[in-house]
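>>> Model the structure of this input:
(2 chains)
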Amino acid sequence: MKILFFGTPRFAEIVLQGLIDSEFKVVGVVCQNDKPAGRGNKLVSPHIVSLAKANGLPVYQFEKLKDHIEDFKTMDYDLAVTASYGKILPKAFLDIKPCINVHPSLLPKYRGATPIQTALLNGDKVTGVTIMKTEVGMDDGDIFVQEKVEILPEEDYVSLLDKLASVGLRLLLDTLKKIEDGTSVRTPQNHDEATFVKLIQKEDGFLDFSQTTESLVNKVRAFVESPVAHFYVGGDLIKVYKAQIGQFAEQAEVGQIVKTKKKLFVKAQDGFFEILRCQASGGKVLNVVDFLNGYHFKAMVVDR
RNA sequence: CGCGAGGUAGAGCAGCUCGGAAGCUCGCCGGGCUCAUAACCCGGAGGUCACAGGUUCAAAUCCUGUCCUCGCAA
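Numbering: from 1, shown residues only, chains lettered A, B, ... in the order given. Below is the predicted model:
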């Protein structure tokens, strides 16, 4: 079975790698356009482009799929697979060949672009992966298979994404086999139970210490890749990559910074938010011990 | 040429304005103290101050160029 793959970020990369290694033949990769990024605003290709090229696969980066329907019609493939492609596929494309999607949530829960972050933000203990038919509506197609995945307390966006992607890959390969055999079965979603996730804005990463330590830690876990949980002290930006609910028996005002030789806390609504890994502007991401060795606090209360 | 910060012991930083013996914290090695610690004391090893030129009696420090890292914006 020849597969045309649609996907852009890391989640898609993991799935694509698995497909390449499988018995199925990937005939091409469609991903988003190169974008100006980083210092100098140089044009940067999505990571997945190098993976595709390293495996000799043609890469298609179309501004609008709608304008390339004829191109797709002439392509030699049997089935399209989407995984975090990042764009809605037009009906004209979906009408050409069947298309299935890998979605990292227990649909109909968490439809949309940020299911993994949302599960972490909400402090969920369980999430999952769903293989479903790609339709015009957002993540509302019939379900082939779904599997629960436990979220461990120390898990963050990156580790959870890896776990979900590898489960998703296994389920996808399973489903592809069944489709090939003609034994696949799919059931409609219960649309009444559907929930939708929000897109993430940069300011969503701001740590407001009037919130609970648990919600702050969840924010760190969810946003570790982007936009990264952060706050300001004395005008300096501090990004937090790893944190936990701290154990510290002292009184302090909300937003006050408390440090010992090897530990760094910020008082939050209901306790101490302990920073384990962070970064100041211009510096590298550091474990808290290294950070404390050199960083000079310009204030001992976070900026509002 | 989008804006900005930085490269100094294994790690994180200070020193640079105003040129004149390489310093702090952590780690490491050795010793000591304590019922105990989110601890403490003594000693030790470890650095071509990113690289290359230039100015000077003298450069981590001033000037020029190169390489690398990071924050912002998009």
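>>> residues in contact with A:I100?
Contacts for A:I100 (Cβ atoms under 8 Å, 6 or more residues apart in numbering) come out as A:L79, A:A80, A:V81, A:T82, A:I131, A:M132, A:K133, A:T134, A:F144, A:L172, A:T175, A:I179. Placement of C-beta: from N, CA and C, glycine included.
>>> tell me the SS of the fourth one?
A:T82 falls in the strand class when you classify it by DSSP: H, G, I helix; E, B strand; the rest coil.
>>> Local confidence estimate at it?
At A:T82, the model reports a pLDDT of 96.
>>> list the contacts for it?
So A:T82 contacts A:F5, A:F6, A:G7, A:L89, A:C99, A:I100, A:N101, A:V102, A:T134 (Cβ under 8 Å, 6+ apart).
>>> Spell out which residues of the stretch 1-150 of chain A are next to RNA strand B.
A:K35, A:P36, A:A37, A:G38, A:R39, A:G40, A:N41 (Cβ under 7 Å from any atom of the strand).
>>> now the helices for the stretch 1-150 of chain A?
Along the stretch 1-150 of chain A, counting by DSSP state H, counting those that start in this stretch, helices occupy A:10-21, A:47-54, A:69-74, A:91-94, A:115-121.
>>> Export the ones you listed as JSON lines, with columns for mean pLDDT and mean neighbour count.
Putting these into JSON lines (pLDDT from 0 to 100; neighbours: other Cβ atoms under 10 Å) gives the following:
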{"stretch": "helix A:10-21", "mean pLDDT": "97", "mean neighbour count": "21"}
{"stretch": "helix A:47-54", "mean pLDDT": "95", "mean neighbour count": "17"}
{"stretch": "helix A:69-74", "mean pLDDT": "94", "mean neighbour count": "12"}
{"stretch": "helix A:91-94", "mean pLDDT": "95", "mean neighbour count": "15"}
{"stretch": "helix A:115-121", "mean pLDDT": "98", "mean neighbour count": "24"}
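>>> Relative to A:A83, how far out is A:F231?
34 Å (Cβ to Cβ, to the nearest Å).
>>> what do you get for A:L216?
A:L216 is 31 Å from A:A83, by Cβ to Cβ.
>>> residues from the stretch 151-300 of chain A in reach of RNA strand B?
A:202, A:228, A:237, A:239, A:248-250, A:260-263, A:279-284, A:286, A:289-291, A:293-296.
>>> Count the neighbours of the residue in chain A that RNA strand B sits nearest to for me.
Closest approach between chain A and RNA strand B, counting by Cβ to the nearest atom of the strand: A:G294, at 2.3 Å. Using other Cβ atoms under 10 Å, A:G294 has 9 other residues around it.
>>> sorry, back to before: spatially, which pair of the contacts of A:T82 is furthest apart? Let me know, please.
A:L89 and A:V102 (13.9 Å; Cβ to Cβ).
>>> More neighbours: which of the two?
Neighbours around A:L89 and A:V102, counted as other Cβ under 10 Å, are more numerous at A:V102. The numbers are 26 against 19.
>>> Hmm, that one is touching A:T134, no?
No: counting by Cβ atoms under 8 Å, A:V102 stays clear of A:T134, with 9.8 Å between them.
>>> per-residue confidence at A:Q247?
86.
>>> show me the contacts for it.
Contacts of A:Q247 by Cβ under 8 Å, 6+ apart are A:F272, A:E274.
>>> if I look at it, how far off is A:F209?
17 Å.
>>> do the same with A:P90
From A:P90 to A:F209 the distance is 45 Å (Cβ to Cβ).
>>> Which of these two has more residues huddled nearby?
A:F209 (21 against 15).
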